[in-house]
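Enquirer: give the three-dimensional model of this entry:
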Amino acid sequence: KKAAKKPAKPAAKKPAKAAGPVRADVKKPAAMRPPDPARVARLLALLDELYPDARTALAYRNALELLVATILSAQCTDERVNRVTPELFARYPDAAALAAAPAAALEALIHSTGFFRQKAKSIQGACKLLVKQHGGEVPRTMEAMLELPGVARKTANVVLGNAYGLATGIVVDTHVRRLAERLGLSALEDPEKIERELLAIIPESKWIVFSHQLILHGRAVCVARKPRCAECRLAPDCPSAGTVGDG
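Expert: You can find the predicted model right below:
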């Protein structure tokens, strides 16, 4: 007689992998309640007192020069841009001249601002469209501005607000983004979403100057790594005072 087959042993279960340690430093941003209007009003009043003449640091004589300077200012200091633009505009004074400039010559003039090939491409693309559709003039609407190559809401807001005095929105750059979070005005990260939250709490009459004031305060006091909270006039109404860096 054949020996009876032994029943097969069930496959051994692999031990479950131990869950990794939960990182305490990874937290989803909590939904932020709308800031107290009275606190916002106090912040705005103090900003007016501290920076009554706040304006863009970019040098320009007209809307086209400001448009080009703003494109050049991406990942570059305003001071560097201001050293580059006088020769640039002396050689190519209008949209038609910029659109027709040899790419290599334009790139050489703006080389020191960084990302010069992409910036030259954006400047020439924008100027060609200005010549073709707007008679060489910078348009006065957000919709038309956003059709220009290299122009997003930040650049459009800079030009429309400063060159034409049109309050179409709030400029959100790295300084405005940082201070909006520290001041408890927005916990978001996307610039356009931050702008929408700020537009809901900042009076329209302040839209243009507000960003300039935050930029100046961000450069002078509320710097990125070690904000000088002890000397900050906004500290009594700032929920982050003394909690960032050395405070």
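Enquirer: for the residue most central in space within the chain, what are phi and psi?
Expert: The central residue of the chain, meaning the one whose C-alpha is nearest the mean C-alpha position (C-alpha atoms, centre = their mean), is residue 173 at 2.2 Å. The main-chain torsion angles of residue 173 are listed as degrees, to the nearest 10 and equal phi -110, psi -170.
Enquirer: pull out the buried positions in the biggest helix by length in the chain.
Expert: Criterion DSSP state H: the longest helix present in the chain is helix 116-134. By neighbour count on 16 or more other C-beta atoms under 10 Å, the buried set for helix 116-134 is 116, 119-124, 126-131. Every residue, glycine included, has its C-beta placed from N, CA and C.
Enquirer: strands along the protein, start to end?
Expert: In order along the chain, the chain carries no strands (DSSP state E).
Enquirer: shaky segments in it?
Expert: Where the chain drops to pLDDT under 70, the residues are 1-32, 245-247.
Enquirer: quick one, helices of it?
Expert: Ranges of helices in the chain, per DSSP H, are 37-50, 63-72, 78-91, 95-100, 103-110, 116-134, 142-145, 153-163, 174-182, 191-201, 207-220.
Enquirer: so residue 43 sits against residue 239, correct?
Expert: No: no contact is recorded between residue 43 and residue 239 when judged using C-beta atoms under 8 Å, the distance being 11.3 Å.
Enquirer: residue 101 reaches residue 92, doesn't it?
Expert: Yes: in this structure, residue 101 sits in contact with residue 92. The criterion is C-beta under 8 Å, and the distance is 5.2 Å.
Enquirer: now do the buried residues in stretch 202-209.
Expert: When burial is assessed from 16+ other C-beta under 10 Å, stretch 202-209 yields the following buried residues: 202, 206-209.
Enquirer: how close does the closest residue to residue 166 other than its chain neighbours sit to residue 141?
Expert: Taking C-beta to C-beta, 6 or more residues apart in numbering, and ignoring the residues beside it in sequence, residue 166 has residue 160 as its nearest neighbour in space, at 4.4 Å. Distance of residue 160 to residue 141, computed by C-beta to C-beta, to the nearest Å: 8 Å.
Enquirer: more neighbours: those two, which one.
Expert: Neighbours per residue (other C-beta atoms under 10 Å) separate residue 160 from residue 141, with residue 160 holding more: 24 against 13.
Enquirer: ok, the more buried one touching residue 146?
Expert: No: shown here, residue 160 and residue 146 do not form a contact pair, counting by C-beta under 8 Å, at 10.8 Å.
Enquirer: gap between the closest residue to residue 130 other than its chain neighbours and residue 86?
Expert: Distance criterion C-beta to C-beta, 6+ apart; nearest residue to residue 130, sequence neighbours excluded, is residue 95 at 4.4 Å. In this view, residue 95 and residue 86 are 18 Å apart by C-beta to C-beta.
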